[in-house]
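Enquirer: sharing a model that was predicted from the sequence below.
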Amino acid sequence: MTSHWRRAGALAALAALLLLLSCAAGPNDQLQPAGPGFWRGLWHGAIAPITFLVSLFNRNVSVYEVHNGGGWYDFGFLAGMSAVFGSSAARRAAMRQWKPPAPRRPAD
C-alpha cells in the first residue's frame, strides 16, 4: 500500500511541476505602450525560479522582462521574488528556534 501512495505522490508532484512550467515567462511580442507594470512584474518575480530553470535550456525564455514599464515592474518583480524566497527563509528561521514540548509527567 505504501508504494501506491508513493506513486500517487510522485504523479501529483510531476503534475504540479508541469503546471508551473507552463506558466514560465517568455518573450513579450505584444508590448503595450507603457510596458508591463506592477502585476506582470509580481507574476514574473513569483515564477522566477521556474523561469530560470527553463531559461537554461531555452534561449527564448528570459527571467526578467527587459522591455518593462519602469519602476513599478521592478517593484513588482522584487515583491514577487521576496514572496517566494522570503517566506521560506522565515520558515527555516522559525523552525530553528522551535523546541519540542517537554514530556509530561504522569500525575501521582
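Expert: Here it is on my side, so go on. Quick caveat: nothing in here was measured; it's all calculated off a predicted structure. Numbering: from 1, shown residues only.

Enquirer: got the contact list for Met81?
Expert: With contact taken as CB atoms under 8 Å, 6 or more residues apart in numbering, Met81 is in contact with Gly45, Ala46, Ala48. Every C-beta, even on glycine, is put in place using the N, C-alpha and C of the backbone.

Enquirer: the helix or strand containing it: which residues count as buried?
Expert: Secondary structure from DSSP states H and E places Met81 in helix 71-97. By 16 or more other CB atoms under 10 Å, the buried positions in helix 71-97 come out as Trp72, Tyr73, Gly76, Phe77, Ala79, Gly80, Met81.

Enquirer: so the third one sits against Gly45, correct?
Expert: Yes. With contact defined as CB atoms under 8 Å, Gly76 and Gly45 form a contacting pair (6.4 Å).

Enquirer: and the gap between the residue nearest to Val84 when sequence neighbours are not counted and Met95?
Expert: Nearest non-adjacent residue to Val84, counting by CB to CB, 6 or more residues apart in numbering: Ala46, 5.7 Å away. As judged by CB to CB, to the nearest Å, Ala46 and Met95 stand 23 Å apart.

Enquirer: what's the answer for Val61, then?
Expert: Val61 is 33 Å from Met95, by CB to CB.

Enquirer: Leu14 too?
Expert: 27 Å.

Enquirer: mind exporting the host helix or strand of Gly41 as PDB, just the C-alpha atoms?
Expert: Taking DSSP H and E as the definition, Gly41 sits inside helix 38-46. Written as PDB, here are the backbone C-alpha positions of helix 38-46 (Å, rounded to 0.1, in the frame of the first residue of the first chain):
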ATOM      1  CA  PHE A  38       3.400  46.100 -11.400                       C
ATOM      2  CA  TRP A  39       1.200  43.000 -11.700                       C
ATOM      3  CA  ARG A  40       3.200  41.500 -14.500                       C
ATOM      4  CA  GLY A  41       6.400  42.100 -12.500                       C
ATOM      5  CA  LEU A  42       4.800  40.500  -9.500                       C
ATOM      6  CA  TRP A  43       4.000  37.400 -11.500                       C
ATOM      7  CA  HIS A  44       7.400  37.300 -13.200                       C
ATOM      8  CA  GLY A  45       9.100  37.500  -9.700                       C
ATOM      9  CA  ALA A  46       6.900  34.800  -8.300                       C
END
